[in-house]
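In: The sequence and its predicted three-dimensional model are supplied below.
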Amino acid sequence: MSPTTTPFQVASLVNAPSFPNAVVWSDDNLIAVANGDIVTILNPENVQGARGVITVSAGLPFKIGVIKRDDLLSGCLLPTCLARDRQPCVRSLAWSPVGYTPHNGCLLAVCSTEGRVKIYREPFCEFQAEWIEVMDISDVLHKYLEKTNYGEPVTSVQPEMDESVSQTLAEDGPDSTNFTSIKEKKRKRGLTACTQKINPTYDFLSENNVINFAANGKKTSNKRTLNNHTGYVLKANQYASRSSMLASLVVAWSPVLQFSANDPDNPSDFFCLLAVGTKYGSISIWKFDRPSYYSIDQHGGAIDMALNGVLQAHSAWITSLSWVLLPSGTSSRVVLATGCSDGSVKIWVAHLCDFKSPSEANKTPFSLFNEITVGDNALVSTLSLCAPAQAGVKILVAVGKGSGSFEVWSFDRKTNSPKKVGSYAAHVQAVTGLAWAFDGHCLYSCSQDNSIHGWIHHKGALFKASIPPNNLEVRSSSDLPSVSDSSYGIAISPANLALAVSNLALSYLQARRFDAGQLDHMYQKRTQRAGVEFFWIGGQEFNMSQNINLRLDIDQCSGFTKEELVIWGSKLLWSLNLYESSDKHLVAWDVLSAILAFKQCAPKFIHQVILSWVELLLEGNLDSATHDILSDLPGYMSQISSRQLHLLNILCRRVMLSSTKPTKISELCDMEEEEKWLNIMSNSEKELRERLVGLSLSTVLDCLSHPAGNVDFGLWGPVGIAQMVKWVMQNQDHVHQKLYGLAAEVRVHVARLHDVCDYEEEERCIYCSAPIPFESPEEALCEGVQCGHGEAPQKHKLTRCAASMQ
């Protein structure tokens, strides 16, 4: 990282991260950071504001079985016997795509050092900061493994406990052997007593020489274990194998997947996959279906999840996972990359259509696509997959290692042939994060040696490039002391304009780049042990293969050369164009933050960038001879997609027509041009409203077309139909004729509307029950009630819903 590269904002953390990939950025613009035994959820728009939190606590042990005392010192059980962790911490995090919670949010998978994986959601209706646990994946996996006898043959002969052992196990309770009895037997037990001292939480049954075990070595009930395992005594290798099957290490969520692209409106066609890697080398694949409807009700809808299968990918620990989607119409495939502690990396592929019908858990749709041969056999600490749209049939795989180096491989989808792009000794300690950006043009890496590097991928080769300096919001060097010790993960923002890095502070009395003047000397300076730094990467210089024509009439401004402004402008246009796809969740925080930062120092530059984007919107529709695109734009609203209209409206409100000072609007446009932007904003909102009303009315008519008694429009139904019809009739000279025709047809079927929707012709005030006439879609004024003789009626002003007009 260049010495001039400084973060534009920093979030402090009270605990330090411990494992790679400690920071993840969701599609709905939330950042989760694993720091010790808690997960901190930040909103990058206000990193010092309210935060969500997940506290990882010790869970109940899994009931695996009992073993003989003689097997306690077997090599495969030593890690269990010598375990010291009393408080589990977070090992791995992963966000789901948007739309898999009851309120259309993202699920968060958390893997702890106990080996448990739990799923959480945001508390959207609960008044609390702690996130809500949805399910425990490990419990479901444990039940499945018990049902399948952990993959062991059912007919295999297992040693039975004799009657005396069974009787002792059944009669002795969990308190029958306490710590005092253990101490009394130390002198007689010799080495075994030393083992008891190392981990005194096991239940010892000394008379029968049998030890009752749980998956994490915690104290369990003998009677319960006996019932679960029907009197079988496990061998040491059996116990170790079963324990490793339940010990999860890493989690990763796939992007949104769809069975068929022919029916994009069918919610049952959408799903995503969660991969959970274990110490056994196996990967459990969990299928999550998108909810058929969303609700802000407290109970909401249930999460539809099922175990799709268990893939035996490696023979050692799974240490890293990464997904990518290869869309190709009806034969779309999903690719999963798996990294192992022995240094091997495998690429697995599955066709989406194979997930439509439920399969046996021991058979997964995934097949081995290829395997990467790694020379030094160093542990794979992180993986990052990318399928660039511009590269056609290429898949890029970045493999980070515990030795500090990383490799980049390129795969041809058709020939299944790998090509090594290169191996790079970029760091001197373990690589803790890799992330692709800008459709595979850039790669960013971080390490425990506290270094962050940028790389440019061009024509099949990787070149080192410095992270661009922060010229947008430079802070004084006294506020940004460089005292961090290690970086533990890197994440890219939704529009690829910013990156976040999780750092460990060199001393817990200081934290990297925190403003010492803003910290309380008594408390905060003692608790700032780590932080998350945010860097702008929109100024990263490389050749965009996408044809973006940006013409600037300014030479330089506020510390930026013309070349730097061209680079930033092309990235802003590229990021805005990302939202043309309906698959991309419309979260424009990083785009707006960069534009608003430039607005303060280079308003003319932003004005030209937005005008260039408007020209791209109307490309192919606008007359090339026109010289006033802003005046002509309102006439083309019907030819612009709803997604682009939303983004256009955001730019109008937040950028072109807003300012910290009213007099500053003229820096972007003069008064005449301001009127044009106001007209554009008004027409875009009108077009969006007409489309929403048209969707609701057409849905009602579609329901009415069904025979009586068989009306079924799914789990979503339009509301406010009466108000929408009134609004169309009041504005019949200003709305599209097609919309007026829909409203007129709905009025014909007024008598049947109660059968298909909540149709209320007359509204009542919630305060005085007086009638409410419909005069405006934004607000309403009730007729009021007479409070006394000769007094004017007391009326209440009410705000209408922007969507339903109720």
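Out: Sure, I can see it.
In: just how off-centre is the top helix by length along the chain within its chain?
Out: Longest helix in the chain by number of residues (criterion: DSSP state H): helix 671-704. Distance, stretch centre to chain centre, for helix 671-704: 31 Å (C-alpha atoms, centre = their mean, to the nearest Å).
In: packing partners for it?
Out: Under the contact criterion of 3 or more C-beta pairs under 8 Å, 6 or more residues apart in numbering; DSSP states H and E, helix 671-704 touches helix 629-632, helix 642-651, helix 721-730, helix 737-748. C-betas here are computed from N, CA, C, even on glycine.
In: May I see the buried residues of that helix?
Out: Judged by neighbour count (16 or more other C-beta atoms under 10 Å), helix 671-704 contains these buried residues: 673, 676-677, 680-681, 683-685, 687-694, 696-700, 703-704.
In: I'd assumed D439 was in contact with F542.
Out: No. The pair F542 / D439 is not scored as a contact, 10.9 Å apart, by C-beta atoms under 8 Å.
In: What strand or helix carries K346?
Out: Element membership for K346, per DSSP states H and E: strand 345-351.
In: The helix or strand following that strand pairs with which strands, and in what direction?
Out: For strand 345-351, the succeeding helix or strand toward the C-terminus, using DSSP H and E, is strand 367-372. Strand 367-372 sits in its sheet next to strand 345-351 (antiparallel), going by DSSP bridges.
In: quick check: mean pLDDT across the partner strand?
Out: What strand 345-351 shows for mean pLDDT is 92.
In: and what of stretch 105-120?
Out: 94.
In: Likewise for stretch 729-749?
Out: For stretch 729-749, the per-residue pLDDT averages 89.
In: pull the CA atoms of it into CSV?
Out: Once non-C-alpha atoms are left out, stretch 729-749 reads as follows in CSV (Å, rounded to 0.1, in the frame of the first residue of the first chain):
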residue,chain,number,x,y,z
MET,A,729,-59.9,9.0,-13.1
GLN,A,730,-58.8,12.4,-11.6
ASN,A,731,-55.8,12.5,-13.9
GLN,A,732,-57.2,10.8,-17.0
ASP,A,733,-55.9,13.6,-19.3
HIS,A,734,-52.3,13.1,-18.0
VAL,A,735,-51.9,9.4,-17.7
HIS,A,736,-51.3,6.8,-20.4
GLN,A,737,-54.4,5.7,-22.2
LYS,A,738,-53.6,2.0,-21.5
LEU,A,739,-53.7,2.8,-17.7
TYR,A,740,-57.0,4.6,-18.1
GLY,A,741,-58.4,1.6,-19.9
LEU,A,742,-57.4,-0.7,-17.0
ALA,A,743,-59.0,1.6,-14.4
ALA,A,744,-62.2,1.8,-16.4
GLU,A,745,-62.4,-2.0,-16.7
VAL,A,746,-61.8,-2.4,-13.0
ARG,A,747,-64.8,-0.1,-12.3
VAL,A,748,-67.0,-2.4,-14.3
HIS,A,749,-66.3,-5.3,-11.8
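In: what residues does that stretch touch?
Out: 638, 686, 690, 693-694, 697-698, 700-701, 704, 721, 724-725, 728, 753, 774 (C-beta atoms under 8 Å, 6 or more residues apart in numbering).
In: buried ones in that stretch?
Out: 735, 739-740, 742-743, 746.
In: Now distance to P44 too, for these, in CSV please.
Out: Shown next, in CSV, are the buried residues of stretch 729-749 (distance: C-beta to C-beta, whole Å):
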residue, distance to P44
V735, 39
L739, 39
Y740, 44
L742, 41
A743, 43
V746, 44
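In: Which one of the residues you listed is nearest to S367?
Out: L742 (49.5 Å; C-beta to C-beta).
In: What distance do you get for that closest one to E760?
Out: Between L742 and E760 the distance is 19 Å, computed by C-beta to C-beta, to the nearest Å.
In: H734 now?
Out: 25 Å.
In: next one: G115
Out: 54 Å.
In: of those two, who's got more company?
Out: The neighbour comparison of G115 against E760 (other C-beta atoms under 10 Å) goes to G115, with 23 against 15.
In: which element is the more buried one on?
Out: Going by DSSP H and E, G115 is not in any helix or strand.
In: Kindly report the same for V399.
Out: Counting by DSSP H and E, V399 is part of strand 394-401.
In: State the next helix or strand along the chain beyond that strand.
Out: Next along from strand 394-401, by DSSP H and E: strand 406-412.
In: and that next one, what other elements does it pack with?
Out: Against strand 406-412 (3+ C-beta pairs under 8 Å, 6+ apart) you get strand 367-372, strand 394-401, strand 418-424.
In: let's go with 6 Å and repeat that
Out: strand 394-401, strand 418-424 (3 or more C-beta pairs under 6 Å, 6 or more residues apart in numbering; DSSP states H and E).
In: where's R121 relative to Y280, distance?
Out: 29 Å.
In: between the two, who's got more neighbours?
Out: Y280 (26 against 21).
In: thought that one was touching M245?
Out: Yes. With contacts defined as C-beta atoms under 6 Å, Y280 counts as touching M245 at a distance of 4.6 Å.
In: Which residue comes closest to G277 once chain neighbours are left out?
Out: I318 (2.7 Å; C-beta to C-beta, 6 or more residues apart in numbering).
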